[in-house]
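Asks: Build the 3D model from these lines:
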Amino acid sequence: MSLASMLIFFTVIAWLLIVLGLWQASGVGATESSSLLRLLHHWHMMPKQPFDAPMIALASLLAFVAAMAPLVCLRSLGKALYAQPPLSFIVAGRFLWLGRALVINIVVSFAAGLIAASQIKDYQLTFSLGFLGTLIAAVLAYMVAEMVREGARAAEENREFV
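Replies: Residues are numbered from 1 along each chain as shown. The predicted model follows:
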């Protein structure tokens, strides 16, 4: 099992546990108190004021998609690197898709943050070091894709010449 497959598995399990916790806590009334509800308040995963549950669920789903897109592309890149020579058009395409998935991660995470900010008054939408790191990784993935594509093109020309 590859590292990307394990990351995908643990990300899915973590999000399922979070959604299960939010679902269980949503049934608790304002006067009732449960340990799970207090824990979710402590982790700032459950707003203390009334909220629109479908909108929070949509934000959670968008955050899940944003987290999974690069992991799935990373897994397909690993498979392509294992099955193909490193300088091939297939590997270049996988690097290109990884760059696209990282850009999708940025955009969808921002959309999920906007939805969460519309429902939770204390939520602050900020650009952090993680945003810049993801942006730099996307640019680097695009650059590597272009270098691999040019290398594959040069290798193809050399094969035709010989």
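Asks: Can you list the low-confidence ranges for this structure?
Replies: Counting by pLDDT under 70, the low-confidence segments of the chain come to 1, 21-53, 162.
Asks: Helices of that one, start to end?
Replies: Using DSSP state H, the helices found in the chain span residues 3-26, 35-42, 53-83, 89-119, 129-161.
Asks: same for the third one, what does it pack against?
Replies: Looking back up the chat, that one is helix 53-83. With contacts taken as 3 or more Cβ pairs under 8 Å, 6 or more residues apart in numbering; DSSP states H and E, helix 53-83 sits against helix 3-26, helix 89-119. To be clear about C-beta, it is placed using only N, CA and C from the backbone, and glycine gets the same treatment.
Asks: and the shortest one, how far out from the chain's middle?
Replies: From the chain centre to the centre of helix 3-26 is a distance of 13 Å (Cα atoms, centre = their mean, to the nearest Å).
Asks: Centroid-nearest residue for the chain?
Replies: The centre of the chain sits closest to residue 67, judged by Cα atoms, centre = their mean, with a distance of 1.8 Å.
Asks: which residues does that one contact?
Replies: Residue 67 makes contacts with 11, 15, 105, as judged by Cβ atoms under 8 Å, 6 or more residues apart in numbering.
Asks: same deal with residue 80?
Replies: Taking Cβ under 8 Å, 6+ apart, we find residue 80 in contact with 88, 90, 91, 93, 94.
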